[in-house]
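K.L.:
Compute the structure for the input listed below.
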Amino acid sequence: MSVETVFQEKRELHIKGLTIDWDKISESSYLRNIESVSKIQHMEFHKPITFFVGENGSGKSTLLEAIAVSYGFNPEGGTKNYSFSTYDSHSEMCDAIRLIRGFSKPGWGYFLRAESFYNVASAEEEYSKFGGIPQHYHEKSHGESFLAMAQSNFRSNGVYLLDEPEAALSPQRQLTLLMEIVRCAKEGSQFIIVTHSPILLGIPDAEIISFDDGEIHTCDYEDTDSYQITEMFINNRKQFLKRLLDE
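P.N.:
Numbers count the residues shown, from 1 in each chain. This next block holds a predicted model:
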């Protein structure tokens, strides 16, 4: 069975969508100044794998974080069993968002934030003292620990929220991560992923939601900046750099 066929099957998602009650967000909140996010009243997910794409500051990670906290994850990442705080940085959107959930209950889940993964790895070391198999993330390179996290936590029938998971991974390791994501999606898991990676975005039939141009909208893989700029650079590297560096 092809990837395209698997993802086109009708099946209920664990997180079907969300609504945002803007009356619960203060008038002075910076959230109201994020153009694409400030227009969200209702949002639906249609595929087992959804990507959030867009320029830095367009609100992708802010929305993903709010989804994660509303779902019950620790704001800094980890499984639902993680409960620690090194810096309280999440926005008030998590109090205003309401998730529309499917009837089936996921068996596992994980929230990955690239920027706070060190803190999660430290917390994992402490938790492993009270049971479980220690993963020794700090004894691995940054990229190796990222991939080890995926391989030890990605399971069937789960919910996985990933914020820039490619940050520490080489192109080869991004392909390994891609295979792990597709494998779990075939087995009933749902992924919502913030990424700039043209490799991960290439997963067939995934839903891509852009936060650019002031309003969220779906787009094709070839229309993402990640794809277009990478293609332009690879195919016209000398001319591209000459024009860029001569300006």
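
K.L.:
okay, residue 130: pLDDT?
P.N.:
If you check residue 130, the pLDDT there is 48.

K.L.:
again with the one 3 residues further on
P.N.:
Note for residue 133: predicted pLDDT of 52.

K.L.:
The one 3 residues further on too?
P.N.:
At residue 136 the predicted local confidence, pLDDT, stands at 51.

K.L.:
Likewise for the one 10 residues further on?
P.N.:
For residue 146, the model assigns a pLDDT of 72.

K.L.:
The nearest residue to it once chain neighbours are set aside and residue 23, how far apart?
P.N.:
Spatially, and ignoring its direct neighbours in sequence, residue 146 is nearest to residue 168 (4.7 Å; Cβ to Cβ, 6 or more residues apart in numbering). (Glycine included, C-beta is placed from N, CA and C.) According to Cβ to Cβ, to the nearest Å, residue 168 and residue 23 sit 39 Å apart.

K.L.:
Those two: who's more crowded?
P.N.:
Shown here are residue 168 and residue 23; by other Cβ atoms under 10 Å, residue 168 has more neighbours (16 against 6).

K.L.:
Go ahead and confirm that one touches residue 149.
P.N.:
No. In this structure, residue 168 is not within contact of residue 149 by Cβ atoms under 8 Å, at 10.3 Å.

K.L.:
ranges for the strands of this structure?
P.N.:
Using DSSP state E, the strands found in the chain span residues 15-20, 42-44, 49-53, 97-101, 108-113, 158-163, 190-194, 207-210, 217-218.

K.L.:
Against residue 166, how distant is residue 176?
P.N.:
Distance from residue 176 to residue 166, by Cβ to Cβ: 11 Å.

K.L.:
quick one, which of those two is more surrounded?
P.N.:
residue 166 (23 against 14).

K.L.:
which secondary element of the chain has the worst mean pLDDT?
P.N.:
helix 117-128 (a mean of 51; mean pLDDT, DSSP states H and E).

K.L.:
For the spatially most central residue of the chain, list each beta-bridge partner.
P.N.:
In the chain, the C-alpha nearest the mean C-alpha coordinate belongs to residue 193, at 2.3 Å (Cα atoms, centre = their mean). Per DSSP bridges, the residues bridged to residue 193 are residue 51, residue 162.

K.L.:
That one against residue 48, yeah?
P.N.:
No. Because the distance of 11.3 Å does not satisfy Cβ under 8 Å, residue 193 is recorded as not touching residue 48.

K.L.:
Show me the shaky parts of this structure.
P.N.:
For the chain, the stretches flagged by pLDDT under 70 are 1-10, 81-91, 114-143, 247.

K.L.:
mind listing the helices in it by residue range?
P.N.:
According to DSSP state H, the chain carries its helices in the segments 3-8, 35-38, 60-71, 93-96, 117-128, 142-153, 171-186, 225-235, 237-246.
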